[in-house]
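Undergrad: need coordinates for the following:
(4 chains)
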2 protein chains.
Amino acid sequence: MAEVLSSGEELLRVLTALASPHRLRIIAALSEGRTYVSQLARQLRMNRPLLYMHLQRLEAAGLVVGTLETAQDGSSVKYFEVVPFALGLTPEAIRTAARTLDLDGTGKDES
Amino acid sequence: MAEVLSSGEELLRVLTALASPHRLRIIAALSEGRTYVSQLARQLRMNRPLLYMHLQRLEAAGLVVGTLETAQDGSSVKYFEVVPFALGLTPEAIRTAARTLDLDGTGKDES
DNA sequence: TCAGGGTGTCAGTCTTATCTGACAGGGGGG
DNA sequence: CCCCCCTGTCAGATAAGACTGACACCCTGA
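TA: As a prediction, this is how the structure comes out:
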C-alpha cells in the first residue's frame, strides 16, 4: 500500500482516524502482530464495544483490516491486522491534498 | 525543524491539530505565504474568532507561529506563518511513539 | 468626533464523538 | 443442562469540540 493520498477527504479520514490515543495504541499493538478483538480488549484494558468502534473507524480509514475466521473448533474469531502504510506529512503535501477538500467537511461525494 | 517526535503526546497533539478540514485549509493557505488573521479570515470565509481558535490549536501543536507586529502606521497586525515540518507516519513510528503515551490521553505533562 | 480596520476574549449554544451497560445470538465442553 | 468465550449491535448518558455573536480596546485618517 503506497498510500498515495488521492483526495483531501482521504487524508482527512486517515488523520481523524489516527487522532486518538486509543487508536494509536491499537495501531501500536497490532503492529506487533495480529490479534482478535476480545484478546485485544483485555490487552489494552478497554471495553470491547468501545474497541470495536475504534477498530471500525480504523478499518474505514484503511489502516487496519479485519477477517472473521472460523477456528478448528468452529468458534468464530475476528482477527485484525495493521495495513502497512507510510504517510509523508508536509505543508506542501497538505496544500496539494487540500485542493480536493470539501469546504464543510461532510465527506459527501460531490463528483 | 526536524520534527523528531519526542513523545506520544506530541504526536497526538499534532495529529489532532491536523485532523480538521478547516485547519488543513489553514495550513494550505499559510504554506503559500504568511498572512494576518483578519485577512486569512476573509480569504477562507470563516468567522474570525473561529479562525483564531484554530490558529491557536495549530500553534499549540507547533505547526504554525504567530507574531504580533506593529506596522509603520502603528496598527497592530498578527501575522502567521507555517513551520516547515516533515512527519513520517508508519505503524512502526506509531508503535515507538505510543510507548510514551498517557493511557487516558489527558495530555498532562508528566516529564 | 466618527467611521474603519485590527486584535483579543467571553458566555452560550449546538453538534459531534466517545463511552458504557445490556442484550441477542453462536458454538464447545463439562 | 449450564457455563464459558466469542461476535455484533443498540439506546442512552457523558464529555469534548466546534461555532456564533457580542464586547472592550487600540490606532489612523477624514
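
Undergrad: every contact and neighbour count from this point should use C-alpha atoms.
TA: Noted.

Undergrad: SS state for the residue of chain A most remote from its centre?
TA: The centre of chain A is farthest from one residue, A:Asp73, which by CA atoms, centre = their mean lies 29.7 Å away. Judged by DSSP: H, G, I helix; E, B strand; the rest coil, the three-state class of A:Asp73 is coil.

Undergrad: quick check: pLDDT value at it.
TA: On the pLDDT scale, A:Asp73 is placed at 85.

Undergrad: for it, give me its contacts.
TA: By CA atoms under 8 Å, 6 or more residues apart in numbering or on different chains, A:Asp73 lies in contact with nothing.

Undergrad: what residue is smack in the middle of chain A?
TA: For chain A, the residue nearest the mean C-alpha position is A:Leu58 (2.0 Å; CA atoms, centre = their mean).

Undergrad: from A:Ala86, how far out is it?
TA: For A:Leu58, the distance to A:Ala86 equals 15 Å [CA to CA, to the nearest Å].

Undergrad: the helix or strand harbouring A:Thr16 and chain B, are they touching?
TA: Assigned by DSSP states H and E, A:Thr16 falls within helix A:8-18. Yes: with CA under 8 Å from any CA of the partner chain as the criterion, chain B is reached by helix A:8-18 at A:12, A:15-16, A:18.

Undergrad: do the longest helix along chain A and chain B meet at all?
TA: In chain A, taking DSSP state H as the definition, the longest helix is helix A:48-60. No: applying CA under 8 Å from any CA, one finds helix A:48-60 separated from chain B by no less than 12.4 Å.

Undergrad: that helix vs helix A:8-18, what angle?
TA: Orientation check (axes from the mean of the first three to the mean of the last three CA atoms, to 10 degrees): helix A:48-60 against helix A:8-18 gives 150 degrees.

Undergrad: which SS class is A:Thr100?
TA: A:Thr100 ends up coil, using three-state DSSP.

Undergrad: and the pLDDT for the residue nearest to it when sequence neighbours are not counted?
TA: Among residues not flanking A:Thr100 along the chain, A:Gly8 sits closest, at 5.2 Å (CA to CA, 6 or more residues apart in numbering or on different chains). Here, the pLDDT recorded for A:Gly8 equals 79.

Undergrad: ok, now which ones touch A:Gly8?
TA: Contacts of A:Gly8 (CA under 8 Å, 6+ apart): A:97-102.

Undergrad: re earlier: need the per-residue pLDDT for the residue nearest to the centre of chain A.
TA: On the pLDDT scale, A:Leu58 is placed at 98.

Undergrad: separation between it and B:Glu9?
TA: 20 Å.

Undergrad: done for today, thanks.
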